[in-house]
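# Dropping the sequence and predicted coords here.
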Amino acid sequence: MEIRGVAIEDTFAEAFTMHAARVVITGRNMRWAREAALKLTGFATSVIGCKCEAGIERELEASDTPDGRPGVSVLFLTMDADSLGKRLIERLGQTVLTCPTTSCFDGLPNAPDRLHVGTALRVFGDGFQASKVIGGARYWRIPVMEGEFLVSESFGRQEGVGGGNFLILAVDADTALAAAEAAVGAIDPMVGVVLPFPGGVVRSGSKVGSRRYKKLLATTNDAFSPTLRAITTSALPEGVNCVLELVLDGLDAAAISAAMAAGIRAACIDGVRSISAGNYGGKLGPHHFHLRRILAPAQ
Amino acid sequence: MSDTVTLTLRDALERELVAEGLTPDRCAAADARQIGALPVFYGGRPAAIGDFFRIQGERAARLRLVGDLARVGALGAGMTGGDLVIEGNVGRDVGAWMSGGTIDIHGDAGDNLGGAAPGASRGMTGGEIIVRGRAGSDAGASMRRGLLVIVGEAGDRVGQRMIAGSVLLLGKAGRGAGRWIKRGSVVSLAPLERPATFRYACTYRPPHLSVTFLYLRKRYGLSIDHRYVVGRYARYSGDLAELGKGEILEWVG
């Protein structure tokens, strides 16, 4: 299969079931909502080193938020259900509670599993906090020096999918970056999916474990590292001098699949030789996104 | 089965009709005959709903009453769920000691709206009451939880002895609003005569009010001007003669 002369390899991305929450942050204006969202999703690229993965899903118009102010929707994922609540309490408490003008709302109100994040954060109010039930949902009003911080009592949890991915194999670094940026641009407007890495792009894709250091969980993906082509078992076709990866997390497999398809199509530009994907032989993750299958319907 | 039970008043009432047992949650499980047999007191004498109302629909948790109900009291008192829509003026004790559901009054309401039973320490403990007209005295008195919205003018002692919950006054209110409250909020969009035992705290934008107002717009179609949604409110803490964890929030622009 080819798209605009770019080979689509006959392989698949292997992804995992994760646990997801959606957090809606609003602010006096988009600047402050974004500030809080950026801090909240900082250092949340991979569960390998960050204990969670998170990203900005989209920016919300004032008409789409519970308090009529501009907002940002964030997806937040962990590998197990217990730690999702813990990470949210830590991060919302340090990054949104602290941020001027912001309020914080549950973005999955219909999810039956509840994480009592606001219940935990309320004690910052040292007994001066108060709650309000509005439309059947309870909110905590926590007094702060600025005025009040408003946070949903609980946040919904649902199963999500983490680790969807594809690799852009290009003739040089400039082309790979341009293709990756185009892919990110195509995925950005899509709902239910986030790209947790910087700018949505990963340059340091990893393999499981290490050839040399037994304690390491992940080390460089030498098969796709151009500088190692001559001294390792390389997976790089001739003429490829740079590889960038997009990693996708989402609320369900359908969102990941649609976003991968849009991203791959956008990434197929002059100078990209092929599109590949990372997997572990299909033995670790239950979600397999076969590149040619997800691209087939719109071909 | 229907989605709404509609009761239409047949003739004008000459005496007080106390319809304490008439709630949407009861109608949800009752057929038309059973609804008609629900007991009421008319002029202090036992009677049945069917003696006064024409009944359409059955087994629905949405109950609609039509007519001049100014002499009908205790509608929705003690209700635990469902939706009660009253199209017309209504008497006293509506929604008193209710614990859930919604009451939407398209007219004026009498005294003790959402209040407590005589001698009881708690008024409504949950649910929502919207009055699109005026409310009599003691609205929301001793309420423990829930939301009470009065679009028109409110009488004296609104929210008196509140334990918690919210009273939103979109119009003017009489004297003694919020007196002796422990917790809870009395929010007023008009200048309010406050008890002397409330103390000014600050002027700010309470973030929960915008959520509340937008909810009321969406859920009940209430027309609430944007300036109130984004406006600043003076916060007065009180009642300092009681626990002092309550508040009066007064819109200042």
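It's in. Residues are numbered from 1 along each chain as shown, chains lettered A, B, ... in the order given.
# check contacts around the residue nearest to residue B:190 when sequence neighbours are not counted.
Spatially, and ignoring its direct neighbours in sequence, residue B:190 is nearest to residue B:172 (4.8 Å; Cβ to Cβ, 6 or more residues apart in numbering or on different chains). Quick note: C-beta positions are derived from backbone N, CA and C, even for glycine. Listed by Cβ atoms under 8 Å, 6 or more residues apart in numbering or on different chains, the contact set of residue B:172 reads B:153-154, B:190-191.
# Select from those residues the one having the most neighbours.
residue B:154 (32 neighbours; other Cβ atoms under 10 Å in any protein chain shown).
# circling back to that earlier point, per-residue pLDDT of the residue nearest to residue B:190, please?
Note for residue B:172: predicted pLDDT of 97.
# do you know how far it is from residue B:191?
Applying Cβ to Cβ, to the nearest Å, the value for residue B:172 to residue B:191 is 8 Å.
# Next, residue B:212: secondary structure please.
Secondary structure state of residue B:212, per DSSP: H, G, I helix; E, B strand; the rest coil, is helix.
# Wait, it touches residue A:132, no?
Yes: using Cβ atoms under 8 Å, residue B:212 makes contact with residue A:132 at a distance of 7.3 Å.
# Residues that sit against both of the two, list them.
Shared contacts of residue B:212 and residue A:132, defined by Cβ under 8 Å, 6+ apart, comprise residue B:166.
# Same drill for those two, tell me which one is more crowded.
residue B:212 (26 against 23).
# The residue lying closest to that one once chain neighbours are set aside: how many residues sit nearby?
Leaving aside its chain neighbours, residue B:212 sits nearest to residue A:134 (5.2 Å; criterion: Cβ to Cβ, 6+ apart). Residue A:134 has 21 neighbouring residues, counting by other Cβ under 10 Å.
# for residue A:288, same thing?
By other Cβ under 10 Å, neighbour count at residue A:288 equals 15.
# where's it relative to chain B, distance?
42 Å (Cβ to the nearest Cβ, to the nearest Å).
# Could you pull up the contacting residues of residue 176?
Answering for chain A, as no chain was given. A:168-170, A:242-244, A:272.
# I was after chain B.
B:156-158, B:160, B:193, B:195.
# Specify which member of these is nearest to chain A.
The closest of the contacts of residue B:176 to chain A turns out to be residue B:158 (Cβ to the nearest Cβ; 18.2 Å).
# Surely the closest one touches residue B:143?
No: assessed by Cβ under 8 Å, residue B:158 is found out of contact with residue B:143, at 10.3 Å.
# Can you pick out the residue with more neighbours from the two?
Per other Cβ under 10 Å, whichever of residue B:158 and residue B:143 has more neighbours is residue B:143, with 34 against 30.
# Quick one: name the residues of the stretch 51-200 of chain B near chain A.
B:145-147, B:166, B:183, B:185 (Cβ under 8 Å from any Cβ of the partner chain).
# Which members of the residues you listed are the farthest-apart pair?
B:147 and B:183 (14.3 Å; Cβ to Cβ).
# Who has more neighbours out of those two?
Neighbour comparison, residue B:147 and residue B:183: the larger count goes to residue B:147, with 26 against 17 (by other Cβ under 10 Å).
# in a strand, that's where the more buried one is, yeah?
Yes: per three-state DSSP, residue B:147 lies within a strand segment.
# next one: phi and psi at residue B:121?
Main-chain torsions, residue B:121, degrees, to the nearest 10: phi -90, psi -20.
# How about the residues of the stretch 101-250 of chain A by chain B?
Checking the stretch 101-250 of chain A against chain B by Cβ under 8 Å from any Cβ, the hits are A:103, A:130, A:132-135, A:139, A:141, A:147-150.
# Can you turn the buried subset of the residues you listed into a selection I can paste into ChimeraX?
To isolate the buried ones among those in ChimeraX, judged by 16 or more other Cβ atoms under 10 Å in any protein chain shown, type:
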select /A:103,130,132,133,134,139,141,147,148,149,150
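# Could I get the full set of helices for chain A?
Using DSSP state H, the helices of chain A run over residues A:30-40, A:47-50, A:81-91, A:117-121, A:173-187, A:253-267, A:291-295.
# least reliable of these going by mean pLDDT?
Ranked on mean pLDDT, the bottom entry among these is helix A:47-50, at a mean of 92.
# next one: it to chain centre, how far?
13 Å (Cα atoms, centre = their mean, to the nearest Å).
# got it, and stretch B:84-96?
On Cα atoms, centre = their mean, the centre of stretch B:84-96 falls 8 Å from the chain's centre.
# CA atoms only: put it into CSV for me.
The C-alpha trace of stretch B:84-96 is given here as CSV (Å, rounded to 0.1, in the frame of the first residue of the first chain):
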residue,chain,number,x,y,z
LEU,B,84,-44.1,18.8,39.7
VAL,B,85,-45.2,21.5,37.3
ILE,B,86,-47.8,24.0,38.6
GLU,B,87,-49.4,26.2,36.0
GLY,B,88,-51.0,28.9,38.0
ASN,B,89,-50.8,30.5,41.4
VAL,B,90,-50.5,28.1,44.4
GLY,B,91,-51.0,28.2,48.1
ARG,B,92,-48.8,27.7,51.1
ASP,B,93,-46.4,24.9,52.1
VAL,B,94,-45.6,23.9,48.5
GLY,B,95,-42.5,21.6,48.5
ALA,B,96,-42.3,21.8,52.3
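# what's the average pLDDT for it?
Taken as a whole, stretch B:84-96 has an average pLDDT of 97.
# Equivalent analysis for stretch B:116-123, please.
Rounded mean pLDDT across stretch B:116-123 is 94.
# residues in contact with that stretch?
Contact partners of stretch B:116-123, identified using Cβ under 8 Å, 6+ apart, comprise B:77, B:96-97, B:114-115, B:140-144, B:163.
# is the closest residue to residue A:77 other than its chain neighbours in a bridge, and if so with what?
Distances taken as Cβ to Cβ, 6+ apart put residue A:18 closest to residue A:77, at 4.3 Å, once the chain neighbours are dropped. With DSSP bridges applied, residue A:18 shows beta-bridge pairing to residue A:160.
# Okay, now the unreliable bits of chain B?
B:1 (pLDDT under 70).
# Residue B:215 contacts residue A:134, correct?
Yes: at 5.3 Å, residue B:215 counts as touching residue A:134 under the criterion of Cβ under 8 Å.
# Residue B:216 belongs to a strand?
No: under three-state DSSP, residue B:216 sits outside any strand and is assigned helix.
# which residues touch it?
Here residue B:216 is in contact with B:130, B:149, B:168, B:222, B:224 (Cβ under 8 Å, 6+ apart).
# redo that, cut-off 10 Å
Counting by Cβ atoms under 10 Å, 6 or more residues apart in numbering or on different chains, residue B:216 touches A:134-135, B:128, B:130, B:147, B:149, B:151, B:168, B:170, B:222-224.
# Model confidence at the residue nearest to residue A:77, what's the number?
Residue A:18 is given a pLDDT of 97.
# what about it, neighbour count?
Look at residue A:18: counted by other Cβ under 10 Å, it has 23 neighbours.
# just residue B:230 next, same as before
15.
# cool, residue A:214 as well?
The burial count for residue A:214: 7, using other Cβ under 10 Å.
# ok, back up a step: farthest pair in the residues of the stretch 101-250 of chain A next to chain B?
Top of the distance list for those (Cβ to Cβ): A:135 and A:147, 22.4 Å.
# so residue B:235, which of the three states?
Strictly by three-state DSSP, residue B:235 counts as strand.
# hang on, isn't it packed against residue B:203?
Yes: the criterion here is Cβ atoms under 10 Å, and residue B:235 meets it with residue B:203 at 7.2 Å.
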